[in-house]
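In: below are the sequence and a predicted model for it; my questions follow.
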Amino acid sequence: MDRGSWRIAVLFAAAALGGTYLVGSEVLRFFAYFGFWGILGILLVSAGLGWLGIRLFTLSHEHGFRSLHDLLCYWFGEKIAPGLSVLLQLLLLAYIGTSIGGATSLLLDGSFKLLLALVPFLIACVFLRHGWPAMLRGLSAFLVIGLLLIATAFFEQPHITIPSLGYQLNLQWMLHAAFYFALHFLLILITCLPLASRASRVQSIHFGVIVGCLLFFLIGVWTQGVLLGYWHEIHSTDIPLQIVLISALPFGKWIHSLAVLGHGGLILAVWIYALATPVAVRYDIRLSALFVVMMITTALFSVLTALLPVTGYIVAIALTYCALFLVISFVWKLQKPQSPGR
């Protein structure tokens, strides 16, 4: 695997898993609640992300698209794309802030949770200062850390019968998988598209996407197995992996909390960098100034979520439906590549 493929694979897997995958709440909500049907959901999401990722990244490589804005201009035209791009930028900043803030505020109760919600922003500042190579090395390290923590919990779990969730024989699992797919594909686009457009070969893009999908599937299925194994303990909590690691490891709560804070700060830096760089290039704005503005915006949403948790749900729902609209549009327009901008 060349360096370009590995970078795409790491970023693809990180965006597909999301900024709070070490909390475990997204896997619980979108997949584990549906038992073994959730495993099929993870498989379908992995396949869908791989197929659409390869199609759109290949298109972006051929046309030299450097950002989501360029892709929107190609398919929606110069009149619609700017407004749609601004809306998505604002929703993404709000989502990043609410997801990081919501996850970190769960780690500690009381008056200190507001301070704790700001810790990832300090970590993000360090990574933004050191640049893109440090972020990629950090993401690689946290993928390994996540795998080790989940594998430890998997092999340390008691030999209990996994609950039968056969009553979930309906299409709810498929609907939740579609929501997860749409939201995280949008995160993949903003994170990986610049690298895909600059890749030396199309084969590097394909290989990177396939490896990224396999990493997502492996971690997702393993997390699913852990959550089902501890179902009675975690099915009603917002921090399922912490409950699992407390049972599986000495000092499991502290190990988990440090991992969540570190990964949250790192993925925050990656997303801020991915959102700010195309805007700075397009409008000739200082990148550091954009970093400051975007960090303040996400920090405000982070604190707001710690004070008013419903903010996170509202923002996530709004961004998910926007992402679902984009995915449906992309799939439909891929069947008619001869008519971009319409």
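Out: It's in. Numbers count the residues shown, from 1 in each chain.
In: what confidence value was assigned to Pro112?
Out: Wrong residue type there; residue 112 is Phe, not Pro. With respect to pLDDT, Phe112 scores 64.
In: pull out the buried residues from stretch 197-211.
Out: 197, 199, 204-211 (16 or more other C-beta atoms under 10 Å). (C-beta placed from N, C-alpha, C; glycine too.)
In: so which of those are in helices?
Out: When the buried residues of stretch 197-211 are checked against helices (DSSP state H), the matches are 197, 204-211.
In: hang on, the earlier thing: pLDDT and distance to Ala248 for the buried residues of stretch 197-211 - can I get that in TSV?
Out: As requested, the buried residues of stretch 197-211 are exported to TSV (pLDDT from 0 to 100; distance: C-beta to C-beta, whole Å):
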residue	pLDDT	distance to Ala248
Ser197	82	42
Ala199	84	40
Ser204	91	38
Ile205	93	38
His206	94	37
Phe207	94	34
Gly208	94	32
Val209	96	33
Ile210	96	31
Val211	95	28
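In: which one of the residues you listed is nearest His263?
Out: His263 has its nearest neighbour among the buried residues of stretch 197-211 in Val211, at 19.7 Å by C-beta to C-beta.
In: so where's this protein uncertain?
Out: The chain contains residues with pLDDT under 70 at 1, 108-114, 158-170, 337-342.
In: so where's the longest helix in it?
Out: Per DSSP H, the chain has its longest helix at helix 68-105.
In: and whichever helix or strand comes after it with helix 68-105, angle?
Out: The element immediately downstream of helix 68-105 (helix or strand, assigned by DSSP states H and E) is helix 113-130. Counting by axes from the mean of the first three to the mean of the last three C-alpha atoms, to 10 degrees, helix 113-130 lies at 140 degrees to helix 68-105.
In: residues in contact with helix 113-130?
Out: Applying C-beta atoms under 8 Å, 6 or more residues apart in numbering, the contact partners of helix 113-130 are 100-101, 104-105, 107-108, 134-135, 138, 261-262, 264-266, 268-270, 272-273, 291, 295, 298-299, 302-303, 305-307.
In: can I get it in PDB, CA atoms only?
Out: Extracted C-alpha coordinates of helix 113-130, given in PDB (Å, rounded to 0.1, in the frame of the first residue of the first chain):
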ATOM      1  CA  LYS A 113     -18.400  19.000  32.900                       C
ATOM      2  CA  LEU A 114     -18.300  22.400  31.200                       C
ATOM      3  CA  LEU A 115     -14.500  22.600  31.600                       C
ATOM      4  CA  LEU A 116     -14.100  19.000  30.500                       C
ATOM      5  CA  ALA A 117     -16.100  19.800  27.300                       C
ATOM      6  CA  LEU A 118     -13.400  22.300  26.400                       C
ATOM      7  CA  VAL A 119     -10.500  19.900  26.800                       C
ATOM      8  CA  PRO A 120     -10.800  18.400  23.200                       C
ATOM      9  CA  PHE A 121     -10.500  22.000  21.800                       C
ATOM     10  CA  LEU A 122      -7.200  22.500  23.600                       C
ATOM     11  CA  ILE A 123      -6.000  19.200  22.100                       C
ATOM     12  CA  ALA A 124      -7.300  20.200  18.700                       C
ATOM     13  CA  CYS A 125      -5.300  23.500  18.900                       C
ATOM     14  CA  VAL A 126      -2.100  21.400  19.400                       C
ATOM     15  CA  PHE A 127      -2.800  19.200  16.300                       C
ATOM     16  CA  LEU A 128      -3.800  22.200  14.100                       C
ATOM     17  CA  ARG A 129      -0.400  23.900  15.100                       C
ATOM     18  CA  HIS A 130       1.500  20.800  14.100                       C
END
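In: for the helix or strand following it, packing partners?
Out: The helix or strand immediately downstream of helix 113-130 is helix 132-156, counting by DSSP H and E. With contacts defined as 3 or more C-beta pairs under 8 Å, 6 or more residues apart in numbering; DSSP states H and E, the packing partners of helix 132-156 are helix 3-17, helix 113-130, helix 202-229, helix 240-248, helix 252-283.
In: please identify the most buried of the ones you listed.
Out: Ranked by mean neighbour count, the helices and strands packed on helix 132-156 are led by helix 3-17 with a mean of 24 (mean count of other C-beta atoms under 10 Å).
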